[in-house]
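*Asks:* quick one, structure for this:
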Amino acid sequence: MDTISLDASVAITGISRSTLWRRVTDGTIGRGGKDGRSRAMLALGDVLGLVSVPLGADDIAVLLRADAGDADAQADMGALFYVAGAHKAALYWLGEAAAQGNAEAMQWLGTAYAARGGNIIHKDANLAIMWLAKAAALGHPIAQYQMERLRDGRE
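*Replies:* Numbering: from 1, shown residues only. I've put the predicted structure just below:
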C-alpha cells in the first residue's frame, strides 16, 4: 500500500490535520506506519479521493517522490498545484523545495507573490523580490530576466 504523510495530506486536500486524523480513527482513511522520519503516514488511495486537482499516474509518482523529500519533485508538485489554482498546496510544496535550495521553486514563489490578486496568495512585493533574487543568484534564467526587468523599472 502506498502511503503519504499527514502533512502532505493536509496540504493537498485542504482538510485540517484534526479532521484527517478523525477520519483515520473512524476508518474512513487507512493508516500506514511511520516513515523513516517518524511521520504519520496515511493510505494514499484514500487521500487521493479528497484532492480537488486531478492527478494522473505520473503525477502520483512525482507526488510520492516529493513527499519522500525530493526537492525537484516538490518543485514540480508546487508548479502543478499552482497552475491548477490550488495555491495552498502549491505554497506547501514550493516552500519545501525552496528550503532545500531549489531555484525553480524559488522562482515560482517569487512569481506567486508578485501576482495580482485573484488567489489566496497575497501580493507581497518584498517576498516576490526576495525569492526571485535568491533564484537569480542560483542561476535561474527566468528569475534573472525578472530581476533585470525590475531593475529597469518594468514589471
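*Asks:* what does the pLDDT read for residue 146?
*Replies:* pLDDT recorded at residue 146 is 88.
*Asks:* ok so it is a helix residue?
*Replies:* Yes. Counting by DSSP: H, G, I helix; E, B strand; the rest coil, residue 146 is found in a helix.
*Asks:* neighbours around it, how many?
*Replies:* 23 (other CB atoms under 10 Å). In this view, the C-beta of every residue, glycine as well, is placed from N, C-alpha and C.
*Asks:* which residues does it contact?
*Replies:* By CB atoms under 8 Å, 6 or more residues apart in numbering, the contact list for residue 146 reads 107, 110-111, 114, 132, 136.
*Asks:* any of these buried? List them.
*Replies:* Buried members of those, scored by 16 or more other CB atoms under 10 Å, are 107, 110-111, 114, 132, 136.
*Asks:* make JSON lines from those and add pLDDT to it.
*Replies:* JSON lines is the format used below for these (pLDDT from 0 to 100):
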{"residue": "107", "pLDDT": "96"}
{"residue": "110", "pLDDT": "92"}
{"residue": "111", "pLDDT": "90"}
{"residue": "114", "pLDDT": "85"}
{"residue": "132", "pLDDT": "92"}
{"residue": "136", "pLDDT": "94"}
